[in-house]
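# fold the following.
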Amino acid sequence: MSNASSVPYVFVIVGRKDNPIYEAEWLRGPKREERSHLNQFIIHAALDEVDELKWKNKSMYLGKVDTFNDIHVSSFVTACNFRFMMLHDGRNEDGVRAFFRDAYELALKVCRQGARCQCGIGPCYGSWGRVRALCRR
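I've put the predicted structure just below:
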């Protein structure tokens, strides 16, 4: 993964019970299907670090929590223990932080509207067209 321009951006919301709630992936350039499983593995491996850091850090934004080759994982933990995870190239940490803040504000709006997932676990993130718009910025 020496070519940082081929690093995908992956945004995942992980629920309280380590269940995936939402996933969005975008890449500037050709998409490689074989990388999808690697991306999921990298994010899953970073969950343990997030679970440790959330008790040590007073901020909801944890920043960069893990690195694999040229791929960075940043995280944001909500008040109700939903983990927002972002796989990225590490060049725009301020942009990742702003993205998490915007996604969290969107999550609060959805929660206030009372939308629920079909499984009843938490807010219905899967139906958000606006999350995709955030990803494109």
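# what residues sit buried inside the helix or strand where A45 lies?
Here A45 sits within helix 35-56, counting by DSSP states H and E. By 16 or more other CB atoms under 10 Å, the buried positions in helix 35-56 come out as R35, L38, N39, Q40, I42, I43, A46, L47, V50, L53, K54. Quick note: C-beta positions are derived from backbone N, CA and C, even for glycine.
# okay if I get those residues as a markdown table plus pLDDT and distance to P8?
Converted to a markdown table, these look like this (pLDDT from 0 to 100; distance: CB to CB, whole Å):
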| residue | pLDDT | distance to P8 |
| --- | --- | --- |
| R35 | 68 | 6 |
| L38 | 80 | 9 |
| N39 | 81 | 6 |
| Q40 | 83 | 11 |
| I42 | 87 | 10 |
| I43 | 87 | 11 |
| A46 | 90 | 15 |
| L47 | 90 | 18 |
| V50 | 91 | 19 |
| L53 | 89 | 23 |
| K54 | 88 | 25 |
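# any chance of TSV for the residues you listed, columns distance to F76?
Output for those, formatted as TSV (distance: CB to CB, whole Å):
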residue	distance to F76
R35	23
L38	22
N39	18
Q40	19
I42	17
I43	13
A46	12
L47	13
V50	9
L53	11
K54	10
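# so where's this structure uncertain?
The model of the chain has pLDDT under 70 over residues 1-7, 27-35, 110-137.
# how about a cut-off of 90?
Applying pLDDT under 90 to the chain flags the ranges 1-45, 48-49, 51-59, 63, 66-71, 78-82, 87-96, 99, 102-137.
# how about the strands in it?
9-14, 20-26, 61-68, 71-77, 83-88 (DSSP state E).
# nearest approach to A98 belongs to which of these?
Shortest distance between A98 and the strands of the chain, using CB to CB, is found for strand 61-68: 10.1 Å.
# with just CA atoms, put the closest one into CSV.
C-alpha atoms of strand 61-68 as CSV (Å, rounded to 0.1, in the frame of the first residue of the first chain):
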residue,chain,number,x,y,z
TYR,A,61,-13.1,12.4,19.0
LEU,A,62,-10.3,9.9,19.6
GLY,A,63,-8.3,10.9,16.5
LYS,A,64,-6.0,8.3,14.9
VAL,A,65,-6.3,5.1,16.8
ASP,A,66,-4.5,2.6,14.5
THR,A,67,-2.3,2.4,11.4
PHE,A,68,-1.8,-0.4,8.9
